[in-house]
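J.: sequence unknown, structure follows:
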């Protein structure tokens, strides 16, 4: 956490928590190597299954706590899709629900001591964003054919400006997966790095670490909120992109 540097100062490594390491030793990481990322992604999937499958298996009229959480999440995502993408978007509810739960559990599990935050890596958030991008693009062309390209043609603008705006819209469309993924990764990485810095100060100051400890508690509480907010932002942007694919003329 915090170690003595050669010059006598304190050395804090806030980025060390994001290093990908093989689970079974060694230094080489190939595409097939089980790593800490693999482990915590598997734990995230398992947590989703526990909530949605085991937590609701009783289907009680008076729900248990886990069933209540699952039902509230179901209703929340269902309403979000209907409000943003319309009733046509409800067909894609399973995908969006799975996306939200994977991100929210990945974010929150990363706050556990010694855990690894999978959503702090661009390789994870980038794949999620790229899948959304490809999915909504395919849906757009399948549902609308060539008229999907009208999404980039701003008919309300003056005719002379429409080609310029079309280029801008096209660029912004292809930038979507970048902003979609970097936003989530950046927020997760920044919050955890700040916590690690204050934890390093707390370990170095010993009994005089009142301020760093208070700061850690405050930032940790903020990170819990950020974990849910970022999952919500990622999901609602997915719904917005889905709306564009289903209704490009609006």
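T.: In hand now; what should we look at? Just so you know, these numbers come straight off a predicted model, no measurement behind them. Numbering: from 1, shown residues only.

J.: chain center to stretch 75-93: distance?
T.: 19 Å (CA atoms, centre = their mean, to the nearest Å).

J.: what does it contact?
T.: Stretch 75-93 is touched from outside by 96-97, 100, 139, 235-236, 239-240, 242-243, 246-247, with contacts defined as CB atoms under 8 Å, 6 or more residues apart in numbering. C-beta here means a position set from N, CA and C on the backbone, and glycine is covered the same way.

J.: Which stretches in the chain count as strands?
T.: Along the chain, counting by DSSP state E, strands occupy 2-4, 10-12.

J.: between those strands, which gets the lowest average pLDDT?
T.: When those are ranked by mean pLDDT, strand 2-4 comes last with a mean of 52.

J.: before we move on, the earlier item: among the contacts of stretch 75-93, which ones are buried?
T.: When these are checked for burial by 16 or more other CB atoms under 10 Å, the buried set is 96-97, 100, 139, 235-236, 239, 242-243, 246-247.

J.: okay, the residues you listed in CSV with pLDDT next?
T.: CSV is the format used below for these (pLDDT from 0 to 100):
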residue, pLDDT
96, 96
97, 96
100, 97
139, 95
235, 97
236, 96
239, 96
242, 95
243, 94
246, 92
247, 89
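
J.: Apart from its neighbours in sequence, what residue is nearest the residue positioned nearest the centre of the chain?
T.: Geometric centre of the chain, nearest residue: residue 103, 4.4 Å, by CA atoms, centre = their mean. Leaving aside its chain neighbours, residue 103 sits nearest to residue 231 (4.2 Å; criterion: CB to CB, 6 or more residues apart in numbering).

J.: any low-confidence regions in the chain?
T.: 1-11, 203-209, 250 (pLDDT under 70).

J.: Residue 168: neighbouring residues, count only.
T.: Residues lying near residue 168 (other CB atoms under 10 Å) number 13.

J.: whoops, I mixed them up, residue 156
T.: Close neighbours of residue 156, defined as other CB under 10 Å, add up to 6.

J.: what do you get for residue 244?
T.: 19.

J.: Now distance to residue 186 too, for the buried ones among the contacts of stretch 75-93, in CSV please.
T.: Shown next, in CSV, are the buried ones among the contacts of stretch 75-93 (distance: CB to CB, whole Å):
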residue, distance to residue 186
96, 22
97, 25
100, 19
139, 28
235, 17
236, 18
239, 21
242, 24
243, 25
246, 29
247, 30
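
J.: Before I go, just wanted to say thanks for your time.
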